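>>> Starting from these lines, generate the structure:
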Amino acid sequence: MKKLSLQQMIAAGAGATVVVIGGAYFGLSTYAGSLAEDKIRSTLSRAGINDSSYSWSSLSASPLGGSIKLEGLKVNHDTSNGRGRRFIAINIEELVLEGFNGEEFPEEATISLGQVDVPSISNEGYERNELKKQLDQSQLMTLANASGRQSLLPFDVKLDWELGDDELELNWSTTQPEMFKAEGHQLITGPISQLQAMTTPASLSATSPMSLLAQYAQLGSQLGIRELDLTIEDLGSMERATKLRTRYDIARGQAENEDESQEEFMADFQSDCEQNLQAIFENSDACENLTGFMTAENSSIEFSAEGARSLTLAELVRLNPRNFGYLKTEFHPEIN
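As a prediction, this is how the structure comes out:
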């Protein structure tokens, strides 16, 4: 049997979660209550997702209202191979889908995930949940550690969209308690109708999670962003990180007091930003605003950009500091 790479295993787990949502959507249009649950499980079974990979404590559906709610959703996908036990595991206290009242992919809909947690599965001193392992090695955990946290609390996510002709208006928000709250708006263009056709109930149930993710990735690289707005509000992480940093600076003799530590850090951070990033932004005080947020002088920060045409993911990947001026000319980004 061919061994799966770590990326493939994570993609399979993500695909399993997508199919769980897709199965719920499929069952909604005709069934309610226990009938919807039977239909969902049948759809997941045909997609190769067995009952041992997922569970939920309750399900309620309202076909006329186009909504469905799953409570206590747990995904625990076994990706073990000859090198040991491995899993893709995630818990979602509440998943609510609204606007899914037909067989076609909805033009307007909302998905809400409450209390999302990535649990630890340890065995013989090793982390066996691949999602947890990746999270522990992420920049988010680095930020959490810098603010004095050794773990992350369950978080919330809300996503809603409105579809046009190969145009998608997307609004989302996420709250990571004691860390930050973020809200975003994007206008995305590209082969959206093709992606939409792939996300019908028939496609979800007939395509394997790995194949589905591969097709999504191929088409996704052709998507482009024309409008981007992002607001981040600090919920304590920057303030805690600043206090810890100044405390360590004083203990190491690098500063005599908190004010000196803060002033030196702000000057160094802003200088680095102006040398490496300022050329990207339309407003001359972008680095000053970013520095204020990163040092807890400002409690929130806003990023915005809008272009006459879309910047695709493939183009974004090819960007480097030598041609960042293209972003300023075409998309007029600002940090306030």
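>>> quick one: residue 138 and residue 45, what's the gap?
33 Å (CB to CB, to the nearest Å). Heads up, the C-betas are built off the backbone N, CA and C, glycines and all.
>>> Any buried residues in the helix or strand harbouring residue 250, and which?
Per DSSP states H and E, residue 250 falls inside helix 237-251. Neighbour-count burial for helix 237-251, with 16 or more other CB atoms under 10 Å as criterion, is recorded at 237-238, 240-242, 245-246, 249.
>>> can you list contacts of the helix or strand following that helix?
Sequence order places helix 258-276 as the next helix or strand after helix 237-251, per DSSP H and E. By CB atoms under 8 Å, 6 or more residues apart in numbering, the list of residues contacting helix 258-276 from outside reads 242, 245-246, 249-250, 254-255, 286-288, 290-291, 294-295, 297, 321.
>>> Please identify the buried residues of helix 258-276?
By 16+ other CB under 10 Å, the buried positions in helix 258-276 come out as 261-262, 265-266, 269-270, 273.
>>> Next, the angle from it to helix 237-251.
With axes from the mean of the first three to the mean of the last three CA atoms, to 10 degrees as the basis, helix 258-276 and helix 237-251 are set at 110 degrees to each other.
>>> what pLDDT, on average, does helix 258-276 get?
Averaged over helix 258-276, pLDDT sits at 93.
>>> Please tell me the pLDDT value assigned to the residue nearest to residue 127 when sequence neighbours are not counted.
Leaving aside its sequence neighbours, residue 127 sits nearest to residue 133 (CB to CB, 6 or more residues apart in numbering; 4.7 Å). As predicted, residue 133 sits at a pLDDT of 89.
>>> tally of neighbours for residue 133?
Residues lying near residue 133 (other CB atoms under 10 Å) number 18.
>>> Output the contacting helices and strands for the helix or strand containing it.
Using DSSP H and E, residue 133 sits in helix 130-136. Other helices and strands packing on helix 130-136, by 3 or more CB pairs under 8 Å, 6 or more residues apart in numbering; DSSP states H and E, are helix 6-28, strand 87-98.
>>> where among those is the average confidence lowest?
When the helices and strands packed on helix 130-136 are compared by mean pLDDT, helix 6-28 comes last with a mean of 54.
>>> Quick check: phi and psi at the residue of the chain most remote from its centre.
Farthest-out residue of the chain from its mean C-alpha position, per CA atoms, centre = their mean: residue 256, at 40.7 Å. Main-chain torsions, residue 256, degrees, to the nearest 10: phi -80, psi -30.
>>> How much space separates residue 310 from residue 189?
Taking CB to CB, one finds residue 310 at 5 Å from residue 189.
>>> Residues that sit against both of those two, list them.
223-224, 226.
>>> Between those residues, identify the one with the most neighbours.
When neighbours are taken as other CB under 10 Å, the top entry among these is residue 223 (20 neighbours).
>>> Now do the same contact list for that residue.
Contacts of residue 223 (CB under 8 Å, 6+ apart): 188-192, 310, 312-313.
>>> ditto for residue 56
Contacts of residue 56 by CB under 8 Å, 6+ apart are 70-74.
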